[in-house]
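> can't give you the sequence, but here's the structure:
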């Protein structure tokens with residue numbers, strides 16, 4: 001019979017072999033997962049930088065290499081993950097508008113249960129909150145809305161046209177706004193609600209306020225409701 005120390009040594013050796021076998025079995029999964037995670041991290045960095053670049057600067061003034069450098073990734077990784085500059089612009093715009101659609105969709109069930117006028121007011125408040133957390137929406141539209149381009153057509157065809165149609169139908173049904181007045185109302189709404197949040201640095205310098213503070217967001221939404229809905233009431 002082997003001594004206790006010999007048995008213990010045998011268990012240790014077997015444990016070492018089992019540990020190596022276990023590691024060998026799990027390492028392919030680990031090796032697969034890590035490149036995927038790195039790829040997703042790289043894509044996220046590139047997209048975040050692209051959103052900031054395209055909402056602060058004219059499209060033609062943004063270079064692919066500038067996005068890669070600011071994202072801290074190697075050359076040509078933007079092409080690898082997204083394709084072209086046009087493609088990453090579409091991805092950036094898609095994320096901004098899909099975020100708005102998802103934000104509003106999460107409130108649809110509550111909105112259906114509200115009286116007509118309160119339903120419209122709730123849209124103001126929801127849009128204010130989204131704009132406070134994502135001021136890039138108006139910044140992108142300011143960049144792209146100045147002239148007709150394939151990018152503006154892409155935004156209008158994929159997002160804005162349908163959203164405006166639904167809003168116009170709801171306002172006509174709920175508060176009696178006609179189509180002629182809707183054109184003016186739309187730009188008061190689409191510009192007036194988010195502009196303060198898009199110009200947050202100016203508001204900080206001019207008035208010393210954090211426009212994203214909860215009480216400021218609420219007050220701004222209430223004022224827009226008073227300005228645009230009360231005008232319809234009279």
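Done, it's in. Since the model is a prediction, treat every value here as computed from it, not as a measurement. Numbering: from 1, shown residues only.
> who touches the strand or helix carrying residue 111?
For residue 111, the element it lies in under DSSP states H and E is helix 108-112. Helix 108-112 has contacts (C-beta atoms under 8 Å, 6 or more residues apart in numbering) with 119, 122, 123. Bear in mind the C-beta positions are built from the backbone N, C-alpha and C, glycine included.
> Next SSE downstream of that helix?
As assigned by DSSP H and E, the chain's next helix or strand after helix 108-112 is helix 116-133.
> for that following helix, packing partners?
Contacts defined by 3 or more C-beta pairs under 8 Å, 6 or more residues apart in numbering; DSSP states H and E place helix 116-133 against helix 85-105, helix 108-112, helix 136-144, helix 161-175, helix 195-198, helix 214-233.
> could you give the mean pLDDT of the next helix or strand along the chain from the shortest one?
I take that to be helix 195-198. Sequence-wise, the next helix or strand downstream of helix 195-198 (DSSP H and E) is helix 200-207. Here helix 200-207 scores 96 as its mean pLDDT.
> Generate CSV for the helices and strands packed on helix 116-133, with mean neighbour count as supplementary columns.
Shown next, in CSV, are the helices and strands packed on helix 116-133 (neighbours: other C-beta atoms under 10 Å):
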stretch, mean neighbour count
helix 85-105, 17
helix 108-112, 10
helix 136-144, 21
helix 161-175, 15
helix 195-198, 22
helix 214-233, 15
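> Turn those helices into JSON lines, columns for distance to residue 152.
Compiled in JSON lines, these are given as follows (distance: least, C-beta to C-beta, whole Å):
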{"stretch": "helix 85-105", "distance to residue 152": "10"}
{"stretch": "helix 108-112", "distance to residue 152": "28"}
{"stretch": "helix 136-144", "distance to residue 152": "5"}
{"stretch": "helix 161-175", "distance to residue 152": "11"}
{"stretch": "helix 195-198", "distance to residue 152": "18"}
{"stretch": "helix 214-233", "distance to residue 152": "25"}
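> Can you classify residue 73 as helix, strand or coil?
Following DSSP: H, G, I helix; E, B strand; the rest coil, residue 73 is assigned to coil.
> Nearest to residue 95, out of the contacts of helix 108-112: which one, please.
Using C-beta to C-beta, residue 123 comes nearest to residue 95 of the contacts of helix 108-112, at 21.5 Å.
> can you pull the contacts of that closest one?
104, 111, 167, 170.
> again with residue 107
122, 126.
> Excluding chain neighbours, what is closest to residue 200?
residue 211 (4.9 Å; C-beta to C-beta, 6 or more residues apart in numbering).
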